[in-house]
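I would like to see how this sequence folds:
(one chain, ligands or ions: 1)
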Amino acid sequence: MKKLIVFSGAGMSAESGLKTFRDNDGLWENYKVEEVATPQAWKENPELVLHFYNLRRRQLSQVEPNSAHYLISELENKFDVTVITQNIDDLHERAGSENVLHLHGELKKVRSEKHYNLIYDWQYKDIQLGDLCEKGTQLRPHVVWFGEDVPEMNRALQIAQEAEILIVIGTSLNVYPAANIAYSVNQNCDCYLIDPNPPTLNGNQKFTIIEGGAIEGMNSIIKKLIA
Ligand code: APR
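Numbering: from 1, shown residues only. Predicted structure coming up:
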């Protein structure tokens with residue numbers, strides 16, 4: 001089976017009802033990212049940060065994968081698929097994708113603020129100040145905030161280098177190092193990009209650009225790939 005990589009961003013989940021980051025005047029669901037998604041914010045106002053992510057978790061429990069998520073999971077019938085996503089939602093998994101690598105963490109997991117390896121499955125519950133890890137320190141969302149390392153980056157790059165087909169979908173490619181995934185495949189990889197407002201590409205690869213939403217774009221790619 002050919003190795004196929006899907007590299008997804010916030011636009012992937014837009015048609016499920018989750019807002020993207022950069023389409024809303026720089027606000028993420030009405031909050032400035034620096035108030036809720038930075039180590040500084042966590043230091044200065046952990047209550048607000050927890051509240052923000054509690055809202056995101058509750059919202060996630062109320063939305064469903066869209067048909068683009070399902071079409072991606074169906075690609076597994078024909079290809080060896082890995083989804084590398086910048087999204088912290090679980091919609092790829094809920095649509096049935098088996099191999100999902102979350103570059104920016106997962107909303108449904110929490111971790112100790114001091115012991116990086118103490119990560120817990122938290123589902124859709126709220127986190128409160130005073131919820132502690134087994135070593136007695138505060139739990140925080142298991143997400144990568146601006147300015148933090150991306151621990152899964154090297155693994156993702158290795159996977160991307162083996163790709164024979166790459167589908168980039170719903171990302172502005174604004175945030176590094178994650179955006180490097182789009183430019184790390186080898187020269188004979190077959191590359192597609194789906195976005196209603198396609199970003200400027202920096203690399204040397206030639207992409208087939210499908211200007212449209214995730215659902216429309218995936219429907220058209222499926223026809224090409226499974227002809
Ligand atoms: N279908 C596909 N793409 C869409 C749709 C749609 N229905 N609607 C919007 N888009 C596109 C936008 O045109 C844009 O190019 O999705 C992209 C979303 O870009 P961003 O909001 O910048 O999201 P993303 O690239 O995932 O952001 C990267 O930044 O805030 C951080 O950590 C956060 O993982 C996130 C990272």
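
all contacts plus neighbour counts: C-alpha atoms, from now on.
Noted.

contact residues of this protein facing the ligand?
Residues of the chain lying close to the ligand (Cα under 6 Å from any ligand atom) are 9-12, 14-15, 20-23, 86-87, 104, 169-175, 195-199, 213-214.

got any ranges where the protein has weak pLDDT?
Applying pLDDT under 70 to the chain flags residues 24-26.

how many neighbours does Leu18 have?
Using other Cα atoms under 10 Å, Leu18 is surrounded by 18 other residues.

give the contact list for Asn77.
Applying Cα atoms under 8 Å, 6 or more residues apart in numbering to Asn77 gives no contacts.

buried subset of the residues of the chain next to the ligand as a ChimeraX selection?
Restricted to buried positions by 16 or more other Cα atoms under 10 Å, the ChimeraX selection for the residues of the chain next to the ligand reads:
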select :9,10,11,12,14,15,20,21,86,87,104,169,170,171,172,173,195,196,198,213,214
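
quick one: which of the residues of the chain next to the ligand sit in helices?
Among the residues of the chain next to the ligand, DSSP state H puts Ala214 in helices.

quick one: contacts for Ser61?
Tyr124.

kindly report the same for the one 5 residues further on.
Taking Cα under 8 Å, 6+ apart as the criterion, Asn66 is in contact with Ser13, Glu15, Ser16, Ile215.

same for the biggest strand by length in the chain, what does it pack against?
Criterion DSSP state E: the longest strand present in the chain is strand 105-112. Packing partners of strand 105-112 (3 or more Cα pairs under 8 Å, 6 or more residues apart in numbering; DSSP states H and E): helix 46-61, strand 119-121, strand 139-143.

so of those, which one's packed in deepest?
With neighbours taken as mean count of other Cα atoms under 10 Å, the helices and strands packed on strand 105-112 reach their highest mean count in strand 139-143, at a mean of 23.

which neighbours does it have in its sheet, and in what orientation?
In the sheet, strand 139-143 lines up against strand 105-112 (antiparallel) (DSSP bridges).
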